[in-house]
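J.: requesting a structural model of the entry that follows:
(2 chains)
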Amino acid sequence: MAKLILSTGNIVSGGPSIVRKPGASNLELINSLKVSFQDAQLDYADEIENVNVNGTTTTTTTTNGTSNGVHEATNGDSSSSSSSLVTGPLYWTARDQQKKENDTILVPRIDWATAGLSEERSQYDITVKIFFLPTTTPDVSRRAAYTQEAMELVLKELGGISDVDLLVVSFPGMSFDGDCEWEADKLNAAQGDDESEIATWQAAVEELHRQGRVKRLGISEFGTEKLARFIKRLAIPPAVDQINIKNCCNVPPPLAKLAKEQNVELLVHSDCTDILPEGTLRELLGPQGAGLLADPATGSGGLSGNLTPQWVIKYTAVVKNRGVIENKGYFAGAELN
Amino acid sequence: MGLLALGTALDWPDAKQQAHLVRAWGIKQLLEIWNKAKGKERDIMLWGDEIEYLVVNYSKDDPKVLLSLRQADILKALADSNTLKVTGDCAPGTEANGDAGNVTLPIFHPEFGRFMLEATPGKPWGIDFKDLLTVEADMKLRRCIAKDHMLPNEHPITLTTFPRIGSPGVFTEPSYPVSGPKLRSQFVPDEIANPHIRFPTLAANIRSRRGRKVQVNVPVFRDENTPWPWKDPTVNHDLHNWPEDDDVRNGAAPNNFIHMDAMAFGMGSCCLQITFQAKNITEGRKMYDQLSPLGPILLALTAATPVYKGFLADTDVRWNQISRAVDDRTPEELGEKPLKNDRWRIPKSRYASNSTYISTDSRLRPEYMDPNLVIDPEIKQQLLDGGMDDRLATHFAHLFIRDPIVIFNEDLQELDLTKTDHFENIQSTNWQHMRFKPPPADNSIGWRVEFRPMEIQITDFENAAFSVFIVLITRAILSFDLNFYIPIVKVDENMETAHARNANLEKKFWFRKNPFPVRTTRRGGSASRSASGASTPNHGPSRPTTPPLGPVEDEYRLMSVNEVINGTAYAKATSKEVTEDAEEGEEFPGLIPLVESYLDSVNMDVATRCGLARYLDLIRKRASGELWTAAKWIREFIAKHPEYKKDSVVSEEITKDLVGAVIQIGEREKRGLGIDDLIGQVPDLEKLFGGFLKGKSPCGGGQAALEQELKDDAKVNGVKRKFNAEE
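T.: Residues are numbered from 1 along each chain as shown, chains lettered A, B, ... in the order given. Take a look at the predicted model:
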């Protein structure tokens, strides 16, 4: 079993991927990942051919004959201290050596040296949003582990900061769709799974808040009833509910009222809940995409096995007094069996 | 319009003698502040808007609407803090006669025209998104307070120009004879200008320097019954009061043009200007450059000026008329005579689209620069010697080719480096469509950029919408590192294009195809990235390359306003007037989608987003033609008026009804009533506003936000107050 950590890098100055498409969608994530993979492939292309370019950095050659295409560099003195380089079709990825227990592959390689924020932490409003995906079982301890792992990556990417301002949780199966927002609110009441959501909240999210790593907590796509039930049972209720509505003038009045009473801020967003479907991920990484996965027909190419996306985390760092978005990106975790 | 110094203003021949001294001292003052402020960092985002009003005298029963010349009395009433209260109609929220102590009161300023008034917010706006929704309420408050300090028949309105200014007969209250010593205009009296010595001197010295009166000629709109060739019937060729009366006998008033001859025809126009504070000088320089190509687009989109001196014009915007109204160039500088006494030929008026890019951005290619830029090489050298970089030194050495127009004798005693008065003398009489503003002498405010091309809109809803839109564009530019560079000569060309009737729908503008930054490779180079978000599967790696920059001409193409604002896809789906040229892979994302992408990436509450969506919606519809510009609406109003004889003449009665309609709209907006009852009574209101001004907005963003604002501690900060205080 191998684990893949997908990343987009900072997409805010990354070109057209950021352009909004109407309605809720995952195009930003998918396009950014595509671009991220392609850029890495271009940037590391010479490594597939050139050995010891400058005599000190050990890069790898196009060695064939490794069992699954992943080949650990023999010389540990690589440019990236915590990861080692990989060859073959995966030359643009890296293996995370800190994760001893698992084979963790960074897709693409991450240059932590360029990570970080340009000003001190206090200048920023940092929001992260974790998406638990429908492809995984609502196992509370696994979700807690995902959250920990995802948070760590974000904190590291933003330069080793120790906390974020807002963590929003997106549970699978939730939506705020319908012909009118009232209807959406009604449909919403029966969506998701209260028990696992509450357990997840308590195990994975409240703990981060207690540790001081997250200042405020939020949920996504909760209508009136769902939100009311949730709040009743939680020690640390959400301070934010993100909703995606077609016409923002038409917040269902009961939801607006509840939010006001309970001091829950209603924020807008345009993410879809099922942000990284299995098929989409397979396409992204498959022979027609980034070429990371082996062609099932011929068996040639890179990794083989079943690929299951587990979580996605989105992070945004906005300079507070200037309203400038400095850093925005995604990480995603997937399992290869 | 800032604080007005008093003193002895020099007449032109004397002022000319001192021009060199003022420039020399101005440069010293600039270097002083530049050295002091070049390292200024992390100023927060603040911004301010300026709304300019015409004050009209209107009553249903009077046959005429007149310009009120009581500016001084109105300002005096407004300046008297004992009476400046937010009362009655103006009280925000439900508390009648609300205590003004909590709200930051607006500030009123004089303007060039004695029939004008300018109002700015009492303190600058921040970038808290809820703040953005208080702007509209504050604008309404300003208008309301202004009205409360006028006579019952006086009204502040936001038409760009008064349709019959300079027409024969009475058009001001009180009325004065024309052909005064300062303006020497055969159409407007000297009393049309603010009597403060600065203004008549400004007008007189521009005329003197120029050697004749200004020539503001605007093509007349040719209607079915317009005689052709058309000779401006109001021009008097037989006047002999002043030497300048010869101008019209020497061809100053050509056929088919509405002829105007005084600064008041231009500087009497109302604009909507926005000033931003940048984080530091680098960000300010970047914003200056990136907003510059947007200028002509926003000018066309806010078009509101189809009438001059009682005639329909064949243009829709004010810009060139102001440009000509303050054009102080001599015949030598204009290229009409060989250079003998003057130093150089100057291609543009001191009021014109800007001629420099100043950013340190590596994407600024030398090909974008104006090849005809005139600079003063000595001044540039002084700035370079003082440590300024070449690009910025070039910018100021360009502004400093101009003479100071108004010089006060008292200021010439000795150079005061704790002031910036001499620098500002030149800087603030360079009226380009962008202005780069150094901090004041005490360094208490940051580097600022002013966006100046927009025309004032009839309602505060529209004015707020355009102000907020520009603010959000700056945030998108900075966040996404957008690149709108095109050659300056193309921006100039666009500025001309923006004048055409219906330019926003029927004309095309040069605009950059790909606004996104090129990616930097992990090797530190740059590489292009496919615009589609990369869809080609990558089989087999190729060597990373840094493609050489292609020809500049390949970077831009012609686009409609709709395409620039809404994006290629939207424009293709909605455009009736023009076909879009976008080729495969050349789709432009659109400024509104870029702004929405920005909004999607920040935390924003539902009500705020709703309020902002309403603004973006207005702009989207104006750009697509679904809604009309004010210029189009005014044209149609006139065309449909029973008095109109299809001869291009906008009579007193038509003017009265037009202004009356504008007042009625304003009154309803001020009270939050909506204009529903006017629909049918006033033609085409639904074309101008769509469903936007139908009573209370369902979200009530503005009012709610203002109430919130009232609760917040709103201390007036002296430093902040000065934020906008320049002309």
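
J.: for chain A, what spans make up the helices?
T.: A:27-43, A:140-157, A:181-189, A:194-200, A:206-210, A:224-232, A:253-261, A:278-285 (DSSP state H).

J.: tell me which of the ones you listed sits nearest to B:Gly180.
T.: Among the helices of chain A, the nearest to B:Gly180 by C-beta to C-beta is helix A:253-261 (61.6 Å). For glycine as for every other residue, the C-beta is placed from the backbone atoms N, C-alpha and C.

J.: so which elements touch that closest one?
T.: In this structure, helix A:253-261 packs against helix A:224-232, strand A:265-268, with contacts taken as 3 or more C-beta pairs under 8 Å, 6 or more residues apart in numbering or on different chains; DSSP states H and E.

J.: could you say which of the helices of chain A is packed most deeply?
T.: helix A:27-43 (a mean of 23; mean count of other C-beta atoms under 10 Å in any protein chain shown).

J.: so what's the gap between that helix and the chain middle?
T.: 14 Å (C-alpha atoms, centre = their mean, to the nearest Å).

J.: what's the angle from it to helix A:278-285?
T.: 20 degrees (axes from the mean of the first three to the mean of the last three C-alpha atoms, to 10 degrees).

J.: how about B:Arg249, nearest residue that isn't a chain neighbour?
T.: B:His237 (5.9 Å; C-beta to C-beta, 6 or more residues apart in numbering or on different chains).

J.: and B:Val518, how many neighbours?
T.: 18 (other C-beta atoms under 10 Å in any protein chain shown).

J.: phi and psi next, for it.
T.: In terms of degrees, to the nearest 10, the main-chain angles of B:Val518 are phi -70, psi 150.

J.: how near is it to B:Leu594?
T.: 17 Å (C-beta to C-beta, to the nearest Å).

J.: could you do A:Tyr146 as well?
T.: Taking C-beta to C-beta, one finds A:Tyr146 at 33 Å from B:Leu594.

J.: where in the stretch 601-727 of chain B is pLDDT low?
T.: Counting by pLDDT under 70, the stretch 601-727 of chain B contains low-confidence ranges at B:695-727.

J.: residue in it with the shortest distance to chain A?
T.: Closest to chain A within the stretch 601-727 of chain B is B:Cys610: 4.0 Å, counting by C-beta to the nearest C-beta.

J.: tell me which helix or strand that residue sits in.
T.: Per DSSP states H and E, B:Cys610 falls inside helix B:606-624.

J.: elements contacting that helix?
T.: Using 3+ C-beta pairs under 8 Å, 6+ apart, helix B:606-624 sits against strand A:265-268, helix B:129-132, helix B:295-301, helix B:460-480, helix B:561-566, helix B:568-574, helix B:591-600, helix B:701-711.

J.: what about residue 104, how many neighbours?
T.: Defaulting to chain A. Around A:Thr104 there are 19 residues (other C-beta under 10 Å).

J.: the intended chain is chain B.
T.: 20.

J.: distance check, the residue of the stretch 601-727 of chain B closest to chain A against B:Thr459.
T.: 19 Å.

J.: the more surrounded of those two?
T.: B:Thr459 (26 against 23).

J.: contacts only, for the nearest residue to A:Glu149 once chain neighbours are set aside.
T.: Among residues not flanking A:Glu149 along the chain, A:Gly333 sits closest, at 6.6 Å (C-beta to C-beta, 6+ apart). A:Gly333 makes contacts with A:Lys3, A:Leu4, A:Ile5, A:Leu6, A:Tyr146, A:Glu149, A:Ala150, A:Pro309, A:Gln310, A:Trp311, A:Val312, as judged by C-beta atoms under 8 Å, 6 or more residues apart in numbering or on different chains.

J.: and the last one, bridged to which residues?
T.: Beta-bridge pairing of A:Val312 under DSSP bridges involves A:Phe131, A:Ala332.

J.: could you count how many residues lie near residue 117?
T.: You didn't say which chain, so I picked chain A. Using other C-beta under 10 Å, A:Leu117 has 18 neighbouring residues.

J.: let me rephrase: I mean chain B.
T.: When neighbours are counted by other C-beta under 10 Å, B:Leu117 registers 27.

J.: just confirm it is within a strand.
T.: Yes. Assessed by DSSP: H, G, I helix; E, B strand; the rest coil, B:Leu117 belongs to a strand.
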